[in-house]
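S.K.: what's the 3D shape of this:
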Amino acid sequence: MPALPELRELERIIKLGHPQLEVDVMCEVDVKHKRFPVYKLALGNPDPNLPAIGFFGGIHGLERIGTQVLLSFLRGLMSRLSWDKSLQHMLQEVRLVFMPLINPGGMWQTTRSNPNGIDLMRNAPVQATEKVPFLLGGHRISKHLPWYRGPEGSGMEVENIALCRTVRDELLSRQFSIAIDCHSGFGLRDRVWFPHAHSVHPIPHLADILALEELFQQTHPNHHYLFEPQSLQYQTHGDVWDYLYLQAQETPEKTFLPLTLEMGSWIWVKKNPRQLFSRHGMFNPVAEHRLHRVLRRHTSWLDFLMRATCGHREWLAQGPTRLRLQERAVARWYRP
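M.R.: Numbers count the residues shown, from 1 in each chain. As a prediction, this is how the structure comes out:
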């Protein structure tokens with residue numbers, strides 16, 4: 001197996017979690033005569049009538065910290081399974097799905113894109129409704145430029161096909177589900193982004209996003225996250241979560257909330273400007289104490305999402321309350 005520390009740690013966790021973990025290789029990626037598996041792990045009750053949450057990371061090979069945060073969280077869960085009665089009981093009522101390393105080829109090559117030079121977050125068949133930032137919003141000029149979408153009409157890359165298949169099978173088939181995708185690289189704050197990325201129009205589940213944020217504020221009153229639609233910062237073509245969210249709207253009686261954790265890496269660069277001279281340092285905490293702090297920092301957020309998914313019936317708003325939440329959310333995020 002090629003040397004990739006995150007992949008080795010993932011396979012150690014798989015051994016630790018046997019036999020409770022369900023393990024599938026969704027696809028394999030070839031890079032210079034080396035083969036990397038893309039794993040899907042599942043834990044908890046597979047009953048399709050129960051809610052599910054998916055944890056995703058490593059879509060951009062440069063952003064190793066997203067994968068590392070998920071691996072740290074998953075290892076903690078596996079270590080608790082033998083003694084934590086509350087966790088054991090909760091797993092009878094919820095399904096957990098993990099794809100912590102979706103782009104192992106890109107991570108091995110230390111590139112944002114996959115080995116074909118394609119940015120997996122610009123690769124889905126979704127077109128922005130308005131003008132997008134040059135290059136950043138996704139383009140088809142050349143794979144030698146960042147944010148390349150791939151050739152016109154070429155379809156999605158195998159990594160994205162594996163991701164979409166997992167989401168359709170494990171999440172979209174259920175009455176309620178959440179996805180959290182871990183990234184880094186934007187701004188001085190940790191942000192929680194939600195659709196749309198391709199449009200400035202509010203989503204039908206805006207009330208549910210606001211209810212989730214207010215629930216988190218009540219239970220973690222000193223949290224540091226900024227919740228906002230991605231389009232508030234910039235719009236893009238080809239966002240895979242927009243693509244999946246739009247598919248979920250074909251069955252509007254179901255609720256699917258795709259979220260992106262965008263860890264603000266600029267604060268790491270601000271504290272250590274020398275990181276600017278390293279591609280790895282621009283997207284990841286380099287100092288060991290800072291890395292450990294980041295790994296600890298997001299555990300409570302991931303644990304909250306797991307518990308909120310399990311107890312979603314207790315906080316999802318209905319009727320007039322839902323309408324009021326939707327109005328407040330539109331006023332907060334979509335009006336000047």
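
S.K.: what sits against Leu96?
M.R.: Counting by CB atoms under 8 Å, 6 or more residues apart in numbering, Leu96 touches 42-44, 52-53, 55, 77, 306. Quick note: C-beta positions are derived from backbone N, CA and C, even for glycine.

S.K.: that one in helix, strand or coil?
M.R.: Secondary structure, DSSP: H, G, I helix; E, B strand; the rest coil: Leu96 is strand.

S.K.: I'd say Tyr334 and Val200 touch.
M.R.: Yes - Tyr334 lies in contact with Val200 (CB atoms under 8 Å); the separation is 7.4 Å.

S.K.: within the helices and strands, which one has Phe55?
M.R.: Assessed by DSSP states H and E, Phe55 sits inside strand 52-57.

S.K.: next structured bit after that strand?
M.R.: Once strand 52-57 ends, the next helix or strand along the chain (criterion: DSSP H and E) is helix 64-80.

S.K.: other SSEs contacting that next one?
M.R.: Counting contacts by 3 or more CB pairs under 8 Å, 6 or more residues apart in numbering; DSSP states H and E, helix 64-80 packs against helix 5-17, strand 52-57, strand 95-99, strand 176-184, strand 255-263, helix 288-297, helix 299-310.

S.K.: with distance to Leu246 and mean pLDDT as added columns, please give these in CSV.
M.R.: Converted to CSV, the helices and strands packed on helix 64-80 look like this (distance: least, CB to CB, whole Å; pLDDT from 0 to 100):
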stretch, distance to Leu246, mean pLDDT
helix 5-17, 30, 96
strand 52-57, 17, 98
strand 95-99, 20, 98
strand 176-184, 14, 97
strand 255-263, 10, 97
helix 288-297, 32, 86
helix 299-310, 21, 98
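
S.K.: before we move on, the earlier item: which one of the contacts of Leu96 sits closest to Ser154?
M.R.: Within the contacts of Leu96, proximity to Ser154 (CB to CB) peaks at Phe55, which comes in at 28.5 Å.

S.K.: got the CA positions of the helix or strand of the chain with the lowest mean pLDDT in PDB?
M.R.: When the helices and strands of the chain are scored by mean pLDDT, DSSP states H and E, helix 266-271 comes last with a mean of 71. The C-alpha trace of helix 266-271 is given here as PDB (Å, rounded to 0.1, in the frame of the first residue of the first chain):
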ATOM      1  CA  TRP A 266      -6.400  32.000   7.300                       C
ATOM      2  CA  ILE A 267      -6.100  32.200  11.100                       C
ATOM      3  CA  TRP A 268      -3.400  29.500  11.000                       C
ATOM      4  CA  VAL A 269      -1.500  31.500   8.400                       C
ATOM      5  CA  LYS A 270      -2.000  34.700  10.400                       C
ATOM      6  CA  LYS A 271      -0.400  33.100  13.400                       C
END
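
S.K.: show me which residues of it are buried.
M.R.: 268-269 (16 or more other CB atoms under 10 Å).

S.K.: now do stretch 44-64
M.R.: Buried residues in stretch 44-64, defined by neighbour count with 16+ other CB under 10 Å: 44-45, 50-64.

S.K.: with stretch 241-254 instead?
M.R.: Neighbour-count burial for stretch 241-254 flags 241-246, 248 (criterion: 16+ other CB under 10 Å).

S.K.: looking at the residues you listed, which is nearest Glu214?
M.R.: Once CB to CB is applied, the member of the buried residues of stretch 241-254 that ends up nearest Glu214 is Tyr245, at 21.2 Å.
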